[in-house]
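Student: Following is a predicted model, sequence given first.
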Amino acid sequence: MAKGGIIVAAAVVAAGSGSSGRLAVAGPRCTAVAQVSGAPTLVGPVVALLRERGVPVAGASECGAIRAVVASEDERVRVTIVDGDGRVSERLVDDVEGAATTVESWARGDLLDPLLASRQAPARPAVDRDAPHVIATEEADAGGPRRGLDIAALAEATLSDDNAVWAGARLQGCVELGAVCTGVMLRYAVDTKVEGPTELLQSYRTAIDLLLMTELPIRIDRGRFSLTPGLGAGLGALRAHRDEVCDECEDEAIALQLRGQVAGTARLSRSWEFRLDLSVGWAPYAQAEIGEIDQDLNDELPLAGAPTWLFGMGLGLVYGGL
């Protein structure tokens, strides 16, 4: 019995030593700094939760740092983790709390060590250490670039309600104020004299419009495309003249202009977009004829005035992000 007791005691000591060794491996470790970037609406809450849980989000740590990028995807949150060795992992979670838990599990070694002690995990393939920069760029582009000022230049063709065809150009710029983009539009157009009253009244017409515009960009496919309705109001100045020598062969008219439009854009690069838009213009107080219009038989023919309705299509480029 004494000899058997010695053998049992030795076995217990050996088992205890092995267990102690495993506990030593699974012991607590320090916490890495979690550097969080991505969508601003997600970064703030995730960082706040990490601070509450004792995970450092700035400065330096003996355990190094990990990088985490958070982005919205189909009403969930995609978390991309890059650890100190350049290894990349992605998780799709339900909310910011899940995102914070995912980041914390990578930053805190004491959460992972018991799992690592039970079995040897297969080594994950290493990636290029420049990978974090690529991921950060893609996530920043996911909702389109943050654009402070958009400037658009477009060619425009317009059909007016007096059957005239107009050709022109348009320059507009707007500043993003929350969800809308507000700015001004300058439009110049020339009556091509293909149809309409210019041939009958022997008139040549040009128009300049200056409007205040407000647009509501609706981003589609993570910002690659957008559908943008817009409304505007301002003044339109029309000038008409006749190419001959006479007393009343030139006149001008200024009237209120209202405009509604819808635009579609496709992103070409981070700052450039292709734009196609359709518009309707309404000038409720426009004069169809200007010049001498008092019906005196001795007067010259009146000049063609401003149309009441305009239906246009614009095509051009948008530069954003100034």
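Tutor: Perfect, thanks for sending it. Numbering: from 1, shown residues only.

Student: Tell me how far L278 lies from R67.
Tutor: For L278, the distance to R67 equals 44 Å [Cβ to Cβ, to the nearest Å]. (Glycine included, C-beta is placed from N, CA and C.)

Student: the more surrounded of those two?
Tutor: Just comparing L278 and R67: by other Cβ atoms under 10 Å the higher neighbour count belongs to R67, 23 against 13.

Student: okay, that one: pLDDT?
Tutor: Listed pLDDT for R67 reads 90.

Student: give me the element it is part of.
Tutor: strand 65-73 (DSSP states H and E).

Student: Tell me how far stretch 273-287 lies from the chain's centre.
Tutor: 24 Å (Cα atoms, centre = their mean, to the nearest Å).

Student: List the contacts of that stretch.
Tutor: 152, 154, 158, 209, 226, 228, 236, 238, 253, 255-268, 305-318, 320 (Cβ atoms under 8 Å, 6 or more residues apart in numbering).

Student: where does the stretch 151-300 of the chain have low pLDDT?
Tutor: For the stretch 151-300 of the chain, residues meeting the criterion pLDDT under 70 lie at 244-248, 292-299.

Student: residue boundaries of the strands in it?
Tutor: 165-177, 180-191, 204-215, 218-220, 225-241, 250-267, 272-282, 289-290 (DSSP state E, counting those that start in this stretch).

Student: after the shortest one comes which helix or strand?
Tutor: Spelled out, that is strand 289-290. strand 303-304.

Student: If you count contacts, what does that next one end up packed against?
Tutor: Contacts defined by 3 or more Cβ pairs under 8 Å, 6 or more residues apart in numbering; DSSP states H and E place strand 303-304 against helix 197-200, strand 225-241, strand 289-290.

Student: Parallel or antiparallel, which strands does that strand pair with?
Tutor: Strands adjacent to strand 303-304 in the sheet, as given by DSSP bridges, are strand 289-290 (antiparallel).

Student: Give the full set of residues in contact with the nearest residue in space to L186 that is not next to it in sequence.
Tutor: Excluding the flanking residues, the one nearest L186 by Cβ to Cβ, 6 or more residues apart in numbering is L171, at 5.0 Å. Residues in contact with L171 (Cβ under 8 Å, 6+ apart) are I151, A152, A153, L154, M185, L186.

Student: Separate out the buried members of the residues you listed.
Tutor: Buried by 16 or more other Cβ atoms under 10 Å: A152, L154, M185, out of the contacts of L171.

Student: Not counting sequence-adjacent ones, nearest residue to the second one?
Tutor: If the residues on either side of it in the chain are set aside, L154 comes closest to G316, at 3.1 Å by Cβ to Cβ, 6+ apart.

Student: can you tell me the helix or strand for the one you found?
Tutor: Per DSSP H and E: strand 309-320 holds G316.

Student: That strand to strand 272-282, inter-axis angle?
Tutor: Note on geometry: by axes from the mean of the first three to the mean of the last three Cα atoms, to 10 degrees, strand 309-320 and strand 272-282 are set 160 degrees apart in direction.

Student: In CSV, list the C-alpha atoms belonging to strand 309-320.
Tutor: Provided in CSV are the C-alpha atoms of strand 309-320 (Å, rounded to 0.1, in the frame of the first residue of the first chain):
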residue,chain,number,x,y,z
TRP,A,309,-42.4,76.0,-70.7
LEU,A,310,-39.0,74.4,-71.3
PHE,A,311,-38.2,70.7,-71.4
GLY,A,312,-34.5,70.0,-71.4
MET,A,313,-31.8,67.3,-71.2
GLY,A,314,-28.3,67.9,-69.8
LEU,A,315,-25.1,65.8,-70.2
GLY,A,316,-21.8,66.5,-68.5
LEU,A,317,-19.4,65.9,-65.6
VAL,A,318,-19.4,66.6,-61.9
TYR,A,319,-16.3,67.3,-59.8
GLY,A,320,-16.8,66.8,-56.1
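
Student: picking up where we left off before, could the buried ones among the contacts of L171 go into a markdown table alongside distance to Q202?
Tutor: Supplementary listing: the buried ones among the contacts of L171 in a markdown table, determined by distance: Cβ to Cβ, whole Å:
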| residue | distance to Q202 |
| --- | --- |
| A152 | 36 |
| L154 | 31 |
| M185 | 31 |
